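**Q** Here is a sequence together with a model predicted from it:
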Amino acid sequence: MSQSGKIQQQYYTRGRSGVFRTNEGLDTVAKSPSLDNNFIKKTLHPFCLYHAPQELRQRGEEDVSKYPESLTVFTAETGELVIGRGVFAGADFTGQRDTVFLHHYIVPQELAESVYRLPNSIFRITSFASKYNEEIKELPELDELEYDKQSYVTGQQQMLDRLGIDEALFKQLLWSVCMSISSNKKVYIALDVDVTESSLYANQLLELLYHCLPYGMRRKFGFTTYSHEPQGKKYIDVMVVEKGSIRSGDRQIDKDYLFDFPNRRFVNTEPPGAEMPYLDFAWAYRGQPAELEAFFDFAEEALQDVDAQTAASLPAYHQLNVLYQIEQGGEDIYESKKESIVTSILTYLNDRNVESKPRLDELFWQLAEREISLFGKGHILSLGYVEAMIDYYRIGGLKENLVFSLIKLLYNGWNFHEDSGYPNRVFDAVLKHEELFQAVAHKMLATEQFAPVLQAYMLDRIQQAGTMQALQEEISFWLKHIEDAVGSAYFQEQLMRRTKELLEKDRERIASGGSLNVFLDMLYKSDTGNTKRLQRFYNDLDVHAQKTIIGKIDLDQVTLQQLESMKYMLGNHSHVLTESLGPRDQAVFHTLQCASYLLRNVNSKEAESYMVLSRLMPKELDQLQALLQRVLKGRARPENYEKIAYAFYENGLEPGECSFAFMQMLAYIRQEADHADEINDFIHWSAGYAYFHLPNMAMTKEYEAALRGYFLRSDRGALNKKNVWLKLKSIPNASMRKVLADIRLAQANPLIRFMKGNRKMLIQFGSIFAGVAVLVTIGIVGYQTWFQPVQPVQQVPGGDTGQNDPLLGPPAPGTESGTGASTGTSPGSQPGSGTPSGSGTSPGGTTIVPPLSGQPPIGNGSGTGSNGSGSGTGSNGGADAGTGAGSGTGSNTGTGTGTGTGSTGAGGGGGTGAGATGTGTTGTGASTGTGRP
């Protein structure tokens, strides 16, 4: 607005010309040289208005002194304080038209503060102009304002009485003004006085209200002492309006604060709440400006670093007024609300401003020391008060008397308070400030008198830890804040007890113990000043937890996952734990340790594993086997075969010698396998597992007996299945292959067993039999050729023709064929029976002699017959073998190992079956035929 730092002036009226216009009219007609034109147009001109009262206009009043003055005061957005007066000025320079005259003082921000604190320099200015000299266009800049220094107190009560304002209405007026300053609502006042006196009484009333406003509110307060009607204007909070202009039902103002004194109608003016200490104080000291200013100075110190909105907030002044009255000796007020009072002090203090607010700082300590002085008599403070004292720690820093006071307070609360949880809540409040908590706790721990109070707090915190994780956090808490507490015998004793309680009821105690083990191991290896001193405790707590876990373990319920997760307590350092266990728990621990070791160490440390097994007592070995067999259920897979072997281990006759319950092992594998072929995979794997065999890898008698028993009773016939045999005959162990082959043979068809067992004899016998058969065949053919009568020529079905007949040409090929089949139905391993059939084929020949009845035809040429085939089945599932032999004679003479008749030869075959249900194999024979012309 102005850079001069001085008070600027402006005149506004109707003139022949002005600052902003060259022709006649209403305009700024004079101003100080440094006053900015934009400020004049945007900020001052909107207030350069005056509407004469309707009552005076209607009666044509010509005496301008009877028209009310309009004093307007507000603080602009840019910080300047504007003080202006508008009057009715009568006829203008032409003498024909009425005009108005307004004179504004614009006080720069740096000078405004002193004006706010001197209401007389606003309400009692003596230098306002009512007219001007057209010759003067420039107004002087001022260093200060001229005003009447007479006190406003004179005639104050008479003014209130004249306006009909009692204590209640005054408080409503002041409350409405304060609320308007901090909101967008307006206060409209219509006074019940003659229009010619309205500006006088309005000025006096607003001067009194202004004196009762704290400085923070004055900086935002804007008002005008006369307006012809209510209207919302920027910067203006209170407007005194012409009588009769506040109309009932006017929706534009029905939410504002309305004081219509002529009609005694007051709208929205009742303060909420019963306690309004600042309003009470203002009314009580309205005639004592020094007392009011003393409070305002106190409030200024408290609010010096808050924003303008808070500085103009009515609740803040209610609160500060209470503190001020206590500072001035109002003990009764303090006694009735101690906690809220000390808490309210801290709302204005922080570590950055405490030095600039000595009155609040001193007040807090006056009150706190008063309470502390009573501690020796068993005095106890409310928790809220204690929290306020503790909060002060962040402001005033560590003060020795505060530490001692809190210790004494905690001791009194522990000794005398009805609520046993009071000291713990105080500790929790102290804990908000780590350094303070450490100072208090260290002194208490080191003092025999106060140590039990801290121990009670330790116990409460430990007891509240509901899980092992929470208990670990509790250890970390004390290590962080007071490491010495962890080293105390009381803390260690209670921690041991709580650890046992938690683990005993924890369903996942093994995992929880593992977590504790890792945590303690980390602490053991940490590098702090007291680590070495606490290492023994860490070890003791770890062993104590593991001992508790072992005591609750039921071997019949242990899972594989639990075994895997308890490695932390089954390792090499476990001798310390073992020594602390009783006989029952030692046995359980030893079993678990062996099981864990065996399940972890496979494929590389078999010798060590079996040495561990060999050292077990019979009862321990039984428990171990039961445990391993249970945890490996459903896991019969290659990666677990060796573990399963451990589960069926038996001590040998000699130390270090291995033996196994092979039969039970095979049954277990078959039962727990994922698929039917798993047992064969296991047998294949076992061929290379040295501990199942003799040193030369020959099978032990026990394993051989188990395999024979298994394939005889549990899986009979499996070795005769192609896929099974293909897998097992490839195992890399000759001894085992032979055993399996023997088992397979023992379960084969009897004929096959006979043939395989007498192979050389059968070969020799077959050669002799073949020679005899040939001789017999030749004899039969010769007889048929020489001694059968000649028959008429007959065409043989199948297309045979005489190949030597000169008329018929060469013989056609024969079409004889023979088949044989047998179906066996035998129970168990008895031979099956079959019905054979067969036919022979003759490659060629011509029939030249018809056959005699019942005799085979004699043909010319030679023929061959195919053997029949036979098959048989046994009702009990044996594997039958079928053989068949057939021969046929065609139109030429055919001979075979069988006999046949007809134009086509018929062969015979036989089928035999052996074993349970089975199908006979097909046998083939060969027939030959010879003929003559």
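**A** Arrived safely, thanks for sending.
**Q** What lies in contact with stretch 594-601?
**A** With C-beta atoms under 8 Å, 6 or more residues apart in numbering as the test, stretch 594-601 has contacts from 560, 563-564, 566-567, 570, 608-609, 612-613, 616, 620, 624, 627-628, 631, 643, 646. C-betas here are computed from N, CA, C, even on glycine.
**Q** residue boundaries of the strands in the stretch 201-350 of the chain?
**A** Remark: strands assigned in the stretch 201-350 of the chain by DSSP state E, counting those that start in this stretch are 223-227, 238-241, 257-260, 265-267.
**Q** about what we covered before: show me which of the contacts of stretch 594-601 are buried.
**A** When the contacts of stretch 594-601 are checked for burial by 16 or more other C-beta atoms under 10 Å, the buried set is 560, 563, 566, 570, 609, 612-613, 616, 620, 624, 627-628, 631, 643, 646.
**Q** From the residues you listed, which land in helices?
**A** Mapping the buried ones among the contacts of stretch 594-601 onto helices (DSSP state H) picks out 560, 563, 609, 612-613, 620, 624, 627-628, 631, 643, 646.
**Q** Tabulate these (JSON lines), appending distance to residue 94 and pLDDT.
**A** Below are those laid out as JSON lines (distance: C-beta to C-beta, whole Å; pLDDT from 0 to 100):
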{"residue": "560", "distance to residue 94": "115", "pLDDT": "90"}
{"residue": "563", "distance to residue 94": "116", "pLDDT": "89"}
{"residue": "609", "distance to residue 94": "127", "pLDDT": "80"}
{"residue": "612", "distance to residue 94": "128", "pLDDT": "80"}
{"residue": "613", "distance to residue 94": "131", "pLDDT": "82"}
{"residue": "620", "distance to residue 94": "130", "pLDDT": "86"}
{"residue": "624", "distance to residue 94": "127", "pLDDT": "92"}
{"residue": "627", "distance to residue 94": "122", "pLDDT": "94"}
{"residue": "628", "distance to residue 94": "124", "pLDDT": "94"}
{"residue": "631", "distance to residue 94": "118", "pLDDT": "92"}
{"residue": "643", "distance to residue 94": "122", "pLDDT": "92"}
{"residue": "646", "distance to residue 94": "127", "pLDDT": "90"}
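**Q** Can you tell me which of the residues you listed lies closest to residue 300?
**A** When these are compared for distance to residue 300 (C-beta to C-beta), residue 563 wins out at 75.8 Å.
**Q** Pop the domain breakdown of the chain in here.
**A** Residue ranges for the domains of the chain, per automatic domain parsing: 8-123, 156-336, 757-929.
**Q** Among those, which one carries the weakest average confidence?
**A** Mean pLDDT per stretch puts domain 757-929 lowest among these, at a mean of 43.
**Q** In JSON lines: the strands of the stretch 201-350 of the chain, plus mean neighbour count and distance to residue 316.
**A** What follows is the strands of the stretch 201-350 of the chain, written out as JSON lines (neighbours: other C-beta atoms under 10 Å; distance: least, C-beta to C-beta, whole Å):
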{"stretch": "strand 223-227", "mean neighbour count": "24", "distance to residue 316": "22"}
{"stretch": "strand 238-241", "mean neighbour count": "25", "distance to residue 316": "20"}
{"stretch": "strand 257-260", "mean neighbour count": "23", "distance to residue 316": "20"}
{"stretch": "strand 265-267", "mean neighbour count": "15", "distance to residue 316": "26"}
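**Q** Quick one: these as TSV, columns for distance to residue 138 too.
**A** Formatted as TSV, these follow (distance: least, C-beta to C-beta, whole Å):
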stretch	distance to residue 138
strand 223-227	28
strand 238-241	33
strand 257-260	42
strand 265-267	47
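**Q** Tell me which of the ones you listed sits nearest to residue 665.
**A** strand 257-260 (99.0 Å).
**Q** Identify all contacting residues around the closest one.
**A** With C-beta under 8 Å, 6+ apart, strand 257-260 has contacts from 169, 172-173, 176, 179-180, 185-190, 246, 265-269.
**Q** can you rerun that using 10 Å?
**A** Applying C-beta atoms under 10 Å, 6 or more residues apart in numbering, the contact partners of strand 257-260 are 163, 165, 169, 172-173, 175-177, 179-180, 183, 185-192, 230, 237-238, 240-241, 243-248, 250, 265-269.
**Q** Adjacent strands (with direction) for that strand?
**A** Strand pairing for strand 257-260, determined by DSSP bridges: strand 187-190 (parallel), strand 265-267 (antiparallel).
**Q** what separates it from the chain centre, distance-wise?
**A** Chain-centre distance of strand 257-260: 59 Å, with C-alpha atoms, centre = their mean, to the nearest Å.
**Q** With only the CA atoms kept, save that strand in PDB.
**A** Listed next in PDB are the C-alpha coordinates belonging to strand 257-260 (Å, rounded to 0.1, in the frame of the first residue of the first chain):
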ATOM      1  CA  TYR A 257     -26.400 -12.900  15.400                       C
ATOM      2  CA  LEU A 258     -29.300 -10.400  15.700                       C
ATOM      3  CA  PHE A 259     -29.700  -7.800  18.500                       C
ATOM      4  CA  ASP A 260     -33.000  -5.900  17.900                       C
END
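**Q** one step back: tell me which of the strands of the stretch 201-350 of the chain lies nearest to residue 445.
**A** That would be strand 257-260 among these, by C-beta to C-beta, at 61.4 Å.
**Q** For the residue nearest the centre of the chain, which non-adjacent residue is spatially closest?
**A** Central residue of the chain (C-alpha atoms, centre = their mean): residue 469, 16.8 Å from the mean position. Spatial nearest neighbour of residue 469, chain neighbours left out: residue 515 (6.7 Å); criterion: C-beta to C-beta, 6 or more residues apart in numbering.
**Q** my guess is the one you found contacts residue 470, does it?
**A** No - in this structure, residue 515 is not within contact of residue 470 by C-beta atoms under 10 Å, at 11.4 Å.
**Q** So between these two, which is more surrounded?
**A** residue 515 (18 against 14; other C-beta atoms under 10 Å).
**Q** which element is the more buried one on?
**A** Residue 515 belongs to helix 509-525 when assigned by DSSP states H and E.
**Q** which parts of that helix are buried?
**A** Within helix 509-525, the residues scored as buried using 16+ other C-beta under 10 Å are 509-510, 512-517, 519-520, 523-524.
**Q** if we can go back for a sec, out of the strands of the stretch 201-350 of the chain, flag the one nearest residue 484.
**A** Residue 484 lies closest to strand 257-260 among these, at 64.1 Å (C-beta to C-beta).
**Q** low-scoring stretches of the stretch 301-450 of the chain, by residue?
**A** Low-confidence segments of the stretch 301-450 of the chain (pLDDT under 70): 397-399.
**Q** quick one: residue 96 and residue 420, what's the gap?
**A** Residue 96 is 94 Å from residue 420, where distance means C-beta to C-beta, to the nearest Å.
**Q** neighbour count winner among those two?
**A** Between residue 96 and residue 420, residue 420 has the larger neighbour count (other C-beta under 10 Å), namely 11 against 7.
**Q** isn't the more buried one right next to residue 459, touching?
**A** No - counting by C-beta under 10 Å, residue 459 is not a contact partner of residue 420; they are 11.5 Å apart.
**Q** start to end distance for stretch 458-475?
**A** Using C-alpha to C-alpha, to the nearest Å, one end of stretch 458-475 lies 10 Å from the other.
**Q** buried sites along it?
**A** Neighbour counts over stretch 458-475 (16+ other C-beta under 10 Å) mark 458-459, 461-462, 465, 468, 471-472, 474-475 as buried.
**Q** can you check stretch 474-486 too?
**A** For stretch 474-486, by 16+ other C-beta under 10 Å, it's 474-475, 478-479, 481-482, 485-486.
**Q** isn't residue 332 right up against residue 322?
**A** No - with contact defined as C-beta under 10 Å, residue 332 does not reach residue 322; the gap is 11.4 Å.
**Q** So which of the two has more stuff around it?
**A** Between residue 332 and residue 322, residue 322 has the larger neighbour count (other C-beta under 10 Å), namely 21 against 9.
**Q** contacting residues for that one?
**A** With contacts defined as C-beta under 10 Å, 6+ apart, residue 322 is in contact with 275, 277-278, 281, 330, 333-334, 337, 340-341, 344.
**Q** what secondary structure does residue 557 sit in?
**A** coil (DSSP: H, G, I helix; E, B strand; the rest coil).
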